[in-house]
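# Predicted model, plus sequence, below.
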Amino acid sequence: MDDNRYATVPRVPVRLSPEGVDQHGENARLRALGAAVEVELPDGVTAWAVTRHEELQRLLGDPRVVKDLGQWGAWQRGEVPESWPMLSFVSVRAMTATDGAAHRRLRGLVAQGFTARRIESLRPRAVRIVADLLDGLASDAPGPVDLRERFCYPLPIMVICELLGIPEERREELHALSAVMTDTTMDRAKVLAIQRSMYEGLGALIAAKREKPGDDLTSDLIAAREAGDRLTEEELIGTLLLMFVAGHNTTLNLLTNAVRALLTHPDQLALARSGARPWSAVTEETLRWDAPVGRFPLRFAVEDIEIGGDGGGAVIRKGDAILAVYGATGRDELLHGPDAERFDIGRESSRHLAFGHGPHFCLGASLGRLEAEVALPALFDRFPGLALAVPAEELVPLPSIVSNSPRSLPVLLTRD
């Protein structure tokens with residue numbers, strides 16, 4: 001393998017902002033450098049950021065790329081500090097950190113309770129929640145109000161908590177804890193303390209459901225078995241943590257990003273409201289154009305992998321870490337053409353990797369889509385004159401390399 005062909009890839013890793021100041025700008029610069037670019041994460045930890053759709057899609061299904069932390073060369077060599085703020089993403093005992101037979105086992109057990117029928121059964125409840133939230137917003141019209149806090153957040157948190165059987169008195173606490181876990185500026189000691197609190201809370205939930213099972217996914221996961229095999233206590237807690245965080249944070253960002261996109265592209269909003277384009281097109285174009293999880297850490301190469309080419313390729317070495325940059329691949333002009341940076345719900349294809357690909361494709365994708373397709377048309381039907389209360393450029397991003405969304409979405413609630 002002639003590595004000289006890849007001399008255009010920078011030898012010094014490109015530092016990514018832990019504060020998430022300009023994810024799309026960073027992604028565009030990385031994409032211009034090549035299909036895979038070495039980047040620096042917090043505390044000097046490095047990884048290969050994969051920025052092109054076709055290359056990332058191949059890697060996500062490549063058996064030479066795994067989630068097993070033990071395959072990470074830097075981890076083996078002791079180069080990753082215990083204080084690393086992103087360690088939780090790669091160390092949690094859940095489906096996202098396993099491979100092969102172990103992953104198939106966990107996913108198979110979880111999928112028994114997370115069926116398409118069960119997800120669709122949540123639609124009437126989502127419709128009622130949305131109607132109640134809109135009634136509450138109407139009492140505060142014209143505002144301004146933070147739509148992220150008042151509308152985009154309550155819907156997914158209520159749905160996922162009802163699905164998992166999490167009692168109402170624990171929801172705000174768990175949400176606050178999960179928000180801190182995705183903050184890549186947070187001190188690792190605080191993250192560990194928060195993670196312990198979440199584990200304790202979820203452990204108490206499991207104990208309560210063992211004593212008194214309910215019609216919820218947690219009870220189903222406790223009871224799930226295949227050929228006598230069951231989830232261990234650690235696997236149960238890790239699975240619930242994953243489903244809780246992904247099941248509401250991702251949808252919270254999706255709804256926030258979709259509303260922001262529509263308010264800053266009134267021509268696209270008009271297409272959706274007139275019925276010229278379906279609301280599902282808004283969801284898919286938002287996932288492509290403004291992925292709620294901008295980057296997902298980490299995967300690891302178990303042998304050398306050549307990626308890219310034509311002067312913009314690289315060799316990802318055995319043991320190297322890989323960062324899936326969904327926010328970059330969604331705007332890949334090699335797939336979406338020269339207007340890939342434009343939000344367009346009428347485009348012929350909004351192919352994206354926002355929910356992953358291959359064995360680790362997100363189990364909750366259908367739930368996120370359902371919630372968006374219930375919430376967005378109802379919101380704009382109730383408030384057709386909805387408008388941002390501040391210029392779009394003043395919206396402050398979440399402090400994260402991973403999550404991609406503004407911290408708040410102040411709007412004016414008008415019917416005209």
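Perfect, thanks for sending it. Numbers count the residues shown, from 1 in each chain.

# from here on, contacts and neighbour counts on C-alpha atoms
Noted.

# For this protein, give me the ranges with low pLDDT.
Confidence mapping of the chain against pLDDT under 70 gives the ranges 1-11, 177-181, 186, 188, 225-228, 309-312, 416.

# Helices along the stretch 51-200 of the chain, start to end?
53-60, 73-76, 88-91, 100-111, 116-120, 123-138, 147, 154-164, 168-181, 188-211 (DSSP state H, counting those that start in this stretch).

# Using PDB, write out the CA atom coordinates for the one helix or strand Leu367 maps to.
Remark: Leu367 resides in helix 365-382, with elements defined by DSSP states H and E. Only the C-alpha atoms of helix 365-382 are listed here, as PDB (Å, rounded to 0.1, in the frame of the first residue of the first chain):
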ATOM      1  CA  ALA A 365     -35.700   5.700  14.300                       C
ATOM      2  CA  SER A 366     -39.400   5.000  13.700                       C
ATOM      3  CA  LEU A 367     -40.400   6.600  17.000                       C
ATOM      4  CA  GLY A 368     -38.500   9.800  16.300                       C
ATOM      5  CA  ARG A 369     -40.100  10.000  12.800                       C
ATOM      6  CA  LEU A 370     -43.500   9.400  14.300                       C
ATOM      7  CA  GLU A 371     -43.200  12.200  16.800                       C
ATOM      8  CA  ALA A 372     -41.900  14.700  14.300                       C
ATOM      9  CA  GLU A 373     -44.600  13.900  11.800                       C
ATOM     10  CA  VAL A 374     -47.300  14.400  14.500                       C
ATOM     11  CA  ALA A 375     -45.700  17.500  16.100                       C
ATOM     12  CA  LEU A 376     -44.700  19.700  13.100                       C
ATOM     13  CA  PRO A 377     -47.900  20.000  11.200                       C
ATOM     14  CA  ALA A 378     -49.900  20.500  14.400                       C
ATOM     15  CA  LEU A 379     -47.600  23.300  15.500                       C
ATOM     16  CA  PHE A 380     -47.800  25.300  12.300                       C
ATOM     17  CA  ASP A 381     -51.600  24.700  12.000                       C
ATOM     18  CA  ARG A 382     -52.100  26.300  15.400                       C
END
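
# Does anything pack onto that helix? Which helices or strands?
If contacts are counted by 3 or more Cα pairs under 8 Å, 6 or more residues apart in numbering; DSSP states H and E, helix 365-382 sits against helix 116-120, helix 123-138, helix 233-263, helix 266-274, helix 279-289.

# what pairs with the helix or strand following that helix, and is each one parallel or antiparallel?
Using DSSP H and E, the helix or strand that follows helix 365-382 towards the C-terminus is strand 387-388. Note on strand 387-388: by DSSP bridges, its sheet partners are strand 410-412 (antiparallel).

# which residues sit against the partner strand?
With Cα atoms under 8 Å, 6 or more residues apart in numbering as the test, strand 410-412 has contacts from 141-148, 386-390.

# Swap in 6 Å and give it another go.
Outside strand 410-412, the residues within contact range by Cα atoms under 6 Å, 6 or more residues apart in numbering are 142-146, 386-389.

# Relative to His24, how far out is Arg299?
With distances taken as Cα to Cα, to the nearest Å, Arg299 is found 22 Å from His24.

# Those two - which one has more neighbours?
Arg299 (27 against 18; other Cα atoms under 10 Å).

# Secondary structure element holding the more buried one?
Per DSSP H and E: Arg299 is located in strand 296-301.

# elements contacting that strand?
Secondary-structure packing of strand 296-301 (3 or more Cα pairs under 6 Å, 6 or more residues apart in numbering; DSSP states H and E): strand 65-66, strand 321-324.

# So which elements touch the shortest one?
Contacts defined by 3+ Cα pairs under 6 Å, 6+ apart place strand 65-66 against strand 296-301.

# and the strand it packs on, which strands flank it?
Per DSSP bridges, strand 296-301 is paired in its sheet with strand 65-66 (antiparallel), strand 321-324 (antiparallel).

# Return the most buried member of the helices and strands packed on strand 296-301.
Neighbour counts (mean count of other Cα atoms under 10 Å) averaged over each of those peak at strand 321-324, with a mean of 28.

# Other residues contacting the next helix or strand after that one?
Counting by DSSP H and E, the next helix or strand C-terminal to strand 321-324 is helix 326-329. For helix 326-329, the external contacting residues (Cα under 6 Å, 6+ apart) are 27, 51-53, 291, 294-295, 354.

# Over to stretch 245-258?
Residues outside stretch 245-258 that contact it (Cα under 6 Å, 6+ apart) are 148, 152-153, 156-157, 178, 286, 292, 368, 405.

# quick one, what contacts the residue positioned nearest the centre of the chain?
Centrality entry for the chain: nearest residue to the mean C-alpha point is Val293, 3.4 Å, by Cα atoms, centre = their mean. Counting by Cα under 6 Å, 6+ apart, Val293 touches 402-404.
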